[in-house]
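Peer 1: turn this into a structure:
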Amino acid sequence: MDIGKIFKPTVNIEKIDNLELLGITSNGDTYANYKNETINVFGGIPGETVSIYYHKFNKGKKQIISGFVEKVIKESPYRITAPCNYFGQCTGCQWQHIEYSHQLTLKKEIILNEINKYPALAKTKISDVIPSESEFNYRNHARFTIRDKGSIGFINRISRRFIKIENCQLMNNWINKTISQLQNKVQETSQMSIRYGTNSNDWLIQPKLNSNRINLSTGQSHYTEKLLDKTFRIGSPSFFQVNTTQAEKLISLVISKLNTNTNLIIDAYAGVGTFAITLSEFAKNIIAIEESKSALKDAIENINNIENIEFIQGKTEDILASLDVQVDTLILDPPRAGCHVDTLKGIINNPPEKIIYVSCDPKTLMRDLELLTQSNFKLISLDPIDMFPQTHHVECVATLLKIKN
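Peer 2: Predicted coordinates:
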C-alpha cells in the first residue's frame, strides 16, 4: 500500500518490521501485540508476518494505534490481489485481499468471538455463513462525500483523508455509470446519496442537483424495488437492505423458521414493511411496529390491499409493553445498536412462543440474546448470512423458543 496516498504528509507515521498478526477484530482489521500494546492492522490476514506503517490517534478518551500493511513477509495461503485500485486508500472494503471462502470463515470467527463471551450461549451450534451470490457490484445504495470542484469519493476511516473515486467495485453497475456522469459536476452539495432498484430499474439521487451540466433526474422523494415479487416504495430517509438478492435469501430464511398455522406475528422495527408484507401469507394476522414516520408512510403505501397487516407507529419498547395479545412469533430486526432494554423487558413480561431475531451486529446481538436466555427463552439456532462481501459485516438470524413451564 502506498502510505503517502493514505496519510497527509504532516501526520506522524512510524514503521514496524516483522510483526506477527494474531487474529481478527470486530471491525475487520487484524491485530498484533507490540511492546505491550495492541495494534490494529488494515490489509493483513491472521497468521501472516508483515511490515507495517502505523499511526497513533485518540478516539474519545481512548488511544488507538492503527497500521497498514506495507510488506508481507510470511504470506497467508488465502491472500489474493485486491482488484480495486483504491483498496487501502478507501477503507469501505476491509477484505478484498482475502479469498472469498476465507472471508466467510472469518465472519463466522467474529460471531464465535462474540458468542464465547457468554457461557450460556457458547454451546449454540452456528451454521456456516450463507454466501452471497455476487462478491462484487451488489450494493444498491451509495453515500458519497463531495469535495473541491465536485469530486465524488469516500473518507478513509483511519486517516480521515478524502479519496476521489471513479467507480466502486461494491456498487451496482448503474451506480458506477452514474458516478461517471456526475463526477466533477456536483459542487453544490457536500454529501450525495444514490439508490438503485436492482429489480425495478428505478432510482433515487439526493439532494436535488440544479447544475445544467447534469442530464439525469435527481431529487426524488422515493424510489421502488421488488423483493419476492412484492413492490416496495422506499423514501429517501427510509432503511432498505443494500444487497437485494441476499435480502430475498434472508426473507426466505426467516420464512423457513415460521411454524405452520401461525395466528399472530409481530414485526418489530418494521421499516417499510419488508418482513410484514413478505410474511403476510404465512400468518393469519400481523402487527407491524415502526417509529419512523417516513418509513411508516412507505409501509402503508406498500401494503397494497393486504388485509391482515396492522401498522402501529411508535417506539417498539413502548408498543410491546402496551399490547395485551398472545404472540406466536416475534420478528426483531433492530438497528445496529440492538434492542432497547425496555424492549427486552417487554418481551420477557409477555413472552411470544418464538422469536426470530435478525441482526447486523454480532456484538449487540449476543448481548441481547444473553438477557433473553436468562429468562424464559432458549436459543435453538444461529444462521449467519453474508449481505456484505469484501467487508467484515455479517447478518445473523437467531431463533429462540419459549421454555415451557
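Peer 1: most centrally placed residue in the protein?
Peer 2: Centrality entry for the chain: nearest residue to the mean C-alpha point is residue 360, 5.2 Å, by C-alpha atoms, centre = their mean.
Peer 1: tell me who's in contact with that residue.
Peer 2: 336, 387, 393, 394, 395, 396 (C-beta atoms under 8 Å, 6 or more residues apart in numbering). The way it works is simple: take the backbone N, C-alpha and C, and place the C-beta from them, glycine included.
Peer 1: just those: which are in strands?
Peer 2: 395, 396 (DSSP state E).
Peer 1: how about the contacts of residue 360 in CSV, adding neighbour count and distance to residue 321?
Peer 2: Below are those laid out as CSV (neighbours: other C-beta atoms under 10 Å; distance: C-beta to C-beta, whole Å):
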residue, neighbour count, distance to residue 321
336, 11, 23
387, 22, 31
393, 19, 31
394, 23, 31
395, 27, 27
396, 24, 26
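Peer 1: just give me the closest of the contacts of residue 360 to residue 97.
Peer 2: The closest of these to residue 97 turns out to be residue 393 (C-beta to C-beta; 16.7 Å).
Peer 1: what's near enough to touch that closest one?
Peer 2: 28, 360, 387.
Peer 1: ditto for residue 368
Peer 2: 338, 339, 344, 357, 359.
Peer 1: which one of those residues is nearest residue 99?
Peer 2: Closest approach between these and residue 99, by C-beta to C-beta: residue 359, at 25.9 Å.
Peer 1: isn't that closest one right up against residue 395?
Peer 2: Yes - contact criterion C-beta atoms under 8 Å: residue 359 and residue 395 qualify, at 7.0 Å.
Peer 1: picking up where we left off before, in helices, which of the contacts of residue 368 fall?
Peer 2: Members of these lying in helices (criterion: DSSP state H): residue 344.
Peer 1: what two of the contacts of residue 368 are the furthest from one another?
Peer 2: Counting by C-beta to C-beta, the most remote pair of those is 344 and 359, 13.2 Å apart.
Peer 1: break down the stretch 201-350 of the chain into its helices, ranges please.
Peer 2: Ranges of helices in the stretch 201-350 of the chain, per DSSP state H, counting those that start in this stretch, are 244-257, 274-278, 293-303, 316-322, 341-349.
Peer 1: as JSON lines, the ones you listed with mean pLDDT would be great.
Peer 2: Formatted as JSON lines, these follow (pLDDT from 0 to 100):
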{"stretch": "helix 244-257", "mean pLDDT": "98"}
{"stretch": "helix 274-278", "mean pLDDT": "97"}
{"stretch": "helix 293-303", "mean pLDDT": "95"}
{"stretch": "helix 316-322", "mean pLDDT": "93"}
{"stretch": "helix 341-349", "mean pLDDT": "95"}
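Peer 1: so which of those helices is nearest residue 173?
Peer 2: With C-beta to C-beta, the closest approach to residue 173 among the helices of the stretch 201-350 of the chain belongs to helix 244-257: 13.4 Å.
Peer 1: and residue 120, helix, strand or coil?
Peer 2: At residue 120 the chain is in coil, as set by DSSP: H, G, I helix; E, B strand; the rest coil.
Peer 1: now do the same contact list for it.
Peer 2: By C-beta under 8 Å, 6+ apart, residue 120 lies in contact with 370, 373, 374.
Peer 1: again with residue 70
Peer 2: Contact analysis of residue 70 by C-beta under 8 Å, 6+ apart lists 1, 3, 15, 50, 51, 52, 53.
Peer 1: winner for burial among the helices of the stretch 201-350 of the chain?
Peer 2: Each of the helices of the stretch 201-350 of the chain was scored by mean neighbour count; the highest is helix 274-278, a mean of 25, by mean count of other C-beta atoms under 10 Å.
Peer 1: restricting to C-alpha, output that helix in PDB.
Peer 2: What follows is helix 274-278, C-alpha atoms only, in PDB (Å, rounded to 0.1, in the frame of the first residue of the first chain):
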ATOM      1  CA  THR A 274     -40.300  -5.800   4.200                       C
ATOM      2  CA  PHE A 275     -41.000  -8.700   6.600                       C
ATOM      3  CA  ALA A 276     -44.600  -7.900   7.400                       C
ATOM      4  CA  ILE A 277     -45.600  -7.800   3.700                       C
ATOM      5  CA  THR A 278     -43.500 -10.800   2.500                       C
END
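Peer 1: in its sheet, which strands sit next to the lowest-mean-pLDDT helix or strand in the chain, and in what direction?
Peer 2: Ranked by mean pLDDT, DSSP states H and E, the helix or strand of the chain with the weakest confidence is strand 49-59, at a mean of 88. According to DSSP bridges, strand 49-59 has the following sheet partners: strand 14-20 (antiparallel), strand 62-74 (antiparallel).
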